[in-house]
Every structure is written in structure tokens, then in C-alpha cells.
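> Mind folding the following:
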Amino acid sequence: MQLAIAKRPLVDPYCGDHAGYWEHSQKIVLCIIDGLGHGKGAEQAALAAFNFLEKHHHEPLLGVFSACDKALRNTFGVAMGIAVVDTTARTLTYAGIGNTRMMVVGHQKTVRLSSHYGIIGGGYRTLKTETIPLLPGDLVIMYTDGIKEMINLSDYDEMLYTEVGFLAKRILEIWGCKTDDAAALVFRSGE
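Numbering: from 1, shown residues only. Predicted structure coming up:
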């Protein structure tokens, strides 16, 4: 598995943006989390969401969001995106609440998946999942709003075939905002 995470805080030592992954059965669960605001409270909210997901990532996606929303009621709240890669079916299922971003860059096209309005820990109205095919070599890129929404990788074709750690760092360097925490997760689908 090729996976890399790059992040940086606005205010050291606290980073309210976080990312992670878990493997179970034939699935890989990827997540991106953006704690609201900055500093210690944002970091505490992001870590509370991460710790919740660590215990519940194997459960159905919509239920995980609902239970996490309840569990984070006494925090600043978070924006959160979760992608479940089914390595047997070669699919990716995504759901997100708040302003996290998700894109799959393939050899022939780029697909952007949307998040719904709301705050995990503050409530949301609707949540739907999207499922798309995930081909060998496709790049899954998840990032927080500390990175410009419409990153354009078309001018960086050589980066798409480099090591994912290099690509995650470059996304942060090139499109990262200087006024917010930022995190990016890059995953390359295997054969």
C-alpha cells in the first residue's frame, strides 16, 4: 500500500487538521479531519474524532458519522471525510460533512466527490455516500480547507507518478494557505 500524510499547524504546537487510515478485511478506510478553528481546541476536537474512528472504522459509514456527531457534542466540532476502499470490488465509497475535499486522479480523468453541509459535533441534515470505481494506480487525494479547494494537478503530471510522500508534501507547499492548519492524505490504489 502506498499512502502518505502531510500536515502543518497554523499555531505551533497545535494542529487542528488530522488524517489517518485503517485496514480490515479487504477494506482500507481513509479519513481527513478538520477541527473547527485553530489551536488547542481544534486539535482536541480532531483527535477526539480520530480516536472515535479508530474504534468504529469497521462499522457502516452512515452510522459512524451519526455516532461520531453525538460523541463530539462537547468539542469545537470537526469537518470530516471518510473514504472506504474495497480492494476486492475495486471501488471507493465516500461520505463527508463540512469543508473537507476529496478527489480521485486516474489516468484518464479526475473525479471530485462532495461533502455535505454541517459540523460533526454540531449536527447535519443529510449525508449520502458516493461509490465510484477505483482502478489500479489511481490516486486518492483527501485534504482540508487549509489547502485551496480547486488544486490543479494537470501542470504537475510528473508528480502524479512520484512517491506519494513527495506528492503529499508538494500539495501542502504549493496550494496550502498560510492562514489555516492544513492536512493532505495521498493514497495510490494497488494492483
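
> Report the buried residues of stretch 45-55.
45-50, 52-53 (16 or more other C-beta atoms under 10 Å). For the C-beta atoms, the positions are set from N, CA and C on the backbone; glycine is no exception.

> Residues contacting it, please?
The contact list for stretch 45-55 (C-beta atoms under 8 Å, 6 or more residues apart in numbering) reads 15-18, 20, 22, 29, 31, 33-36, 64, 67-68, 71-72, 75-78, 80, 82, 120-121.

> Name only those of those residues that count as buried.
15-18, 20, 29, 31, 33-36, 64, 68, 71-72, 75-78, 80, 82, 120-121.

> Return the subset of these lying in strands.
Among the buried ones among the contacts of stretch 45-55, DSSP state E puts 17-18, 20, 29, 31, 33-35, 78, 80, 82 in strands.

> and the two most separated of those residues?
29 and 35 (19.3 Å; C-beta to C-beta).

> for this structure, which residue is closest to the average position?
residue 32 (2.6 Å; C-alpha atoms, centre = their mean).

> What sits closest to that one if chain neighbours are left out?
Among residues not flanking residue 32 along the chain, residue 142 sits closest, at 4.0 Å (C-beta to C-beta, 6 or more residues apart in numbering).

> what's the least confident helix or strand in this structure, going by average pLDDT?
In the chain, no helix or strand scores lower on mean pLDDT, DSSP states H and E than helix 157-160, which sits at a mean of 64.

> buried ones in stretch 165-178?
167-172, 175-176.

> ditto for stretch 1-14
For stretch 1-14, by 16+ other C-beta under 10 Å, it's 3-10, 14.
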